[in-house]
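*Asks:* Have a look at this fold, sequence not included:
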Ligand SMILES: Nc1ncnc2c1ncn2[C@@H]1O[C@H](COP(=O)(O)OP(=O)(O)OP(=O)(O)O)[C@@H](O)[C@H]1O
């Protein structure tokens, strides 16, 4: 079953006044025709987000959750599969001619790895001047003057104009990349992990430079980062992404101080505490995120969520039993994903694969130390029998009917979680359920 991904309504007229970039129902799916071709990679899968003029919005989440793809789509380096990107109130797919050029000019991106983002055959001056030349901006003399000014702005020297990028350190290369991004005088920059490739000692300098540039030129930033400590320090607001969706968003201080969504709780619990004497429990998430080719049909986080809502009739099952049932469900789903003809090909290539064949053995191993009451155990055994007959869909249906709940079936709506602008996607925010509990100390 594919759950409907309802999205939030478009920003109201009053909020668009302060929105520089607003996206609604945004999707970016990649289709390929390779060996595993078929389902598209749903890198961004229904995002609603506003970036306010002059702010720094942090975009965080585990590797592969779609941050870079979303960032690239915001500056026009990717074309959305669905949804709308508005820049300064204008839908960008409706822009053409000079208006479109102007938007491309206004929205720039800085990439993680400066070395590979700079053309090694051009001098620094040529690299920075390139965007101006492409647009035939003013005279060559004026372009040269502008590049000198930009080098000065990012803390490089005039004589660096004539050198090549490889002659510089990582921090200086990132300064060159920033100068290049600033050349068209943009209002909006997507900074994709701009300091993660740099030495720790240089990171702070580049971050300070970015903060100074923002203050001087009134820039609006989307700051993509893994390092939540940096995001907390630098960003006004934060959006937490998981498997192509925004799970929570709100002011950085509030969101880090009292995360509302179970996924944010887990991420925040992993931020190292600057006070080494403070004791804080970390939430350990099991497994890795599911494939974006085949995301769960309900809540994207449902396969790993420690606060998942369980059916009331199985209140008596303990956490170990639920964990075993969840793992079994994932393994059956994984088997079901693999086309039987592909299974045969793999079998003929690598010999008999226990992963594909002995689900009974796997299940009896998994469940041997777990206490599962008889009523539940009968359903589990029936599901294993169906999977063992190659009827994974029927097995999944059985597991889902018996043990599934709202988190497996429905994409969660975005709920307001404070009086302010905080929003979180989690069924537990519905009045019928209790809020996500403290998840530490598992
Ligand atoms: N051009 C592409 N073609 C096919 N799949 C892609 C493409 N670009 C990204 N993807 C896939 O889309 C998903 C999201 O990738 P993306 O790089 O946006 O994530 P991310 O959160 O930025 O990850 P990271 O933090 O590792 O950079 C991943 O599964 C990735 O493999």
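*Replies:* Okay, I see it. All of these numbers come straight from a predicted model, not from anything done at the bench.
*Asks:* Next, count neighbours for the residue in the stretch 151-300 of the chain that the ligand sits nearest to.
*Replies:* Using CB to the nearest ligand atom, residue 292 is the residue of the stretch 151-300 of the chain that sits closest to the ligand, at 4.6 Å. The C-beta positions use only the backbone N, C-alpha and C, and glycine is treated the same way. Close neighbours of residue 292, defined as other CB atoms under 10 Å, add up to 22.
*Asks:* Likewise for residue 226?
*Replies:* A count of neighbours around residue 226, defined by other CB under 10 Å, yields 14.
*Asks:* what does stretch 303-315 rub up against?
*Replies:* 262-263, 266, 283, 285-287, 289-290, 296, 299, 302, 317, 322, 326, 330, 376, 402-407, 426-428, 433, 436-437, 439, 442 (CB atoms under 8 Å, 6 or more residues apart in numbering).
*Asks:* ok, of these, which come out buried?
*Replies:* Buried members of those, scored by 16 or more other CB atoms under 10 Å, are 262-263, 266, 283, 285, 289-290, 296, 299, 302, 317, 322, 326, 330, 376, 402-407, 426-428, 436, 439.
*Asks:* picking that back up, might one say that the residue of the stretch 151-300 of the chain closest to the ligand is in contact with residue 242?
*Replies:* No. In this structure residue 292 lies outside contact range of residue 242 using CB atoms under 8 Å: 10.4 Å.
*Asks:* Quick check: closest non-adjacent residue to residue 256.
*Replies:* residue 232 (4.9 Å; CB to CB, 6 or more residues apart in numbering).
*Asks:* Which of the residues in whatever helix or strand that neighbour lives in are classified as buried?
*Replies:* Residue 232 belongs to helix 228-234 when assigned by DSSP states H and E. Of the residues in helix 228-234, 228, 230, 231, 232, 234 count as buried by neighbour count, 16+ other CB under 10 Å.
*Asks:* what about the second one, distance to residue 82?
*Replies:* The span separating residue 230 from residue 82 equals 32 Å under the rule CB to CB, to the nearest Å.
*Asks:* can you pull the contacts of residue 146?
*Replies:* Residue 146 neighbours (CB under 8 Å, 6+ apart): 129, 132, 137, 138, 183.
*Asks:* Could you show which parts of this protein are in contact with the ligand?
*Replies:* Counting by CB under 6 Å from any ligand atom, the residues of the chain close to the ligand are 30, 41, 43, 61, 63, 64, 65, 66, 67, 68, 69, 292.
*Asks:* Filter these down to just the buried residues.
*Replies:* Here, 16+ other CB under 10 Å leaves 41, 43, 61, 64, 65, 66, 67, 68, 69, 292 buried among these.
*Asks:* which residues of the stretch 51-200 of the chain fall in strands?
*Replies:* 56-60, 82-87, 90-91, 107-110, 188-192 (DSSP state E, counting those that start in this stretch).
*Asks:* Next SSE downstream of the worst-scoring helix or strand of the chain on mean pLDDT?
*Replies:* Of all helical and strand segments in the chain, the minimum by mean pLDDT, DSSP states H and E falls on helix 354-357, at a mean of 50. Sequence order places helix 359-367 as the next helix or strand after helix 354-357, per DSSP H and E.
*Asks:* which helices and strands does that next one pack with?
*Replies:* If contacts are counted by 3 or more CB pairs under 8 Å, 6 or more residues apart in numbering; DSSP states H and E, helix 359-367 sits against helix 319-337, helix 374-388.
*Asks:* Adding mean pLDDT and distance to residue 258 as columns, could you present those in CSV?
*Replies:* Conversion of the helices and strands packed on helix 359-367 to CSV gives the following (pLDDT from 0 to 100; distance: least, CB to CB, whole Å):
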stretch, mean pLDDT, distance to residue 258
helix 319-337, 85, 24
helix 374-388, 91, 35
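*Asks:* of those, which approaches residue 120 most closely?
*Replies:* Ranking those by proximity to residue 120 (CB to CB) places helix 319-337 first, at 41.6 Å.
*Asks:* neighbouring contacts of that closest one?
*Replies:* Contacts to helix 319-337, defined as CB under 8 Å, 6+ apart, come from residues 286-287, 294, 303, 308, 310, 317, 356, 359, 362-363, 366-367, 370-372, 376, 380, 383-384, 387, 392-393, 395-396, 399-400, 403, 442.
*Asks:* Could you check that helix and say which residues are buried?
*Replies:* Buried residues in helix 319-337 (16+ other CB under 10 Å): 321-322, 324-333, 335-336.
*Asks:* any weak-confidence spans in the stretch 301-442 of the chain?
*Replies:* By pLDDT under 70, the weakly predicted segments of the stretch 301-442 of the chain are 338-357, 439-442.
*Asks:* how does it look with 90?
*Replies:* Within the stretch 301-442 of the chain, the stretches with pLDDT under 90 are 312-313, 315-316, 318-320, 323-324, 326-376, 390, 418-421, 432-442.
*Asks:* need the helices for the stretch 51-200 of the chain, in chain order.
*Replies:* With DSSP state H, counting those that start in this stretch as the criterion, the stretch 51-200 of the chain has helices at 67-74, 97-106, 114-117, 124-134, 140-153, 170-182, 200-217.
*Asks:* Tell me if residue 390 really is in a strand.
*Replies:* No. Residue 390: not assigned to a strand; according to DSSP: H, G, I helix; E, B strand; the rest coil it is coil.
*Asks:* what about it, neighbour count?
*Replies:* By the criterion of other CB under 10 Å, residue 390 has 15 neighbours.
*Asks:* again with residue 358
*Replies:* Residue 358 has 14 neighbours, counted by other CB under 10 Å.
*Asks:* how close does it get to the ligand?
*Replies:* Counting by CB to the nearest ligand atom, to the nearest Å, the gap from residue 358 to the ligand is 30 Å.
*Asks:* Over to residue 86?
*Replies:* Taking CB to the nearest ligand atom, one finds residue 86 at 21 Å from the ligand.
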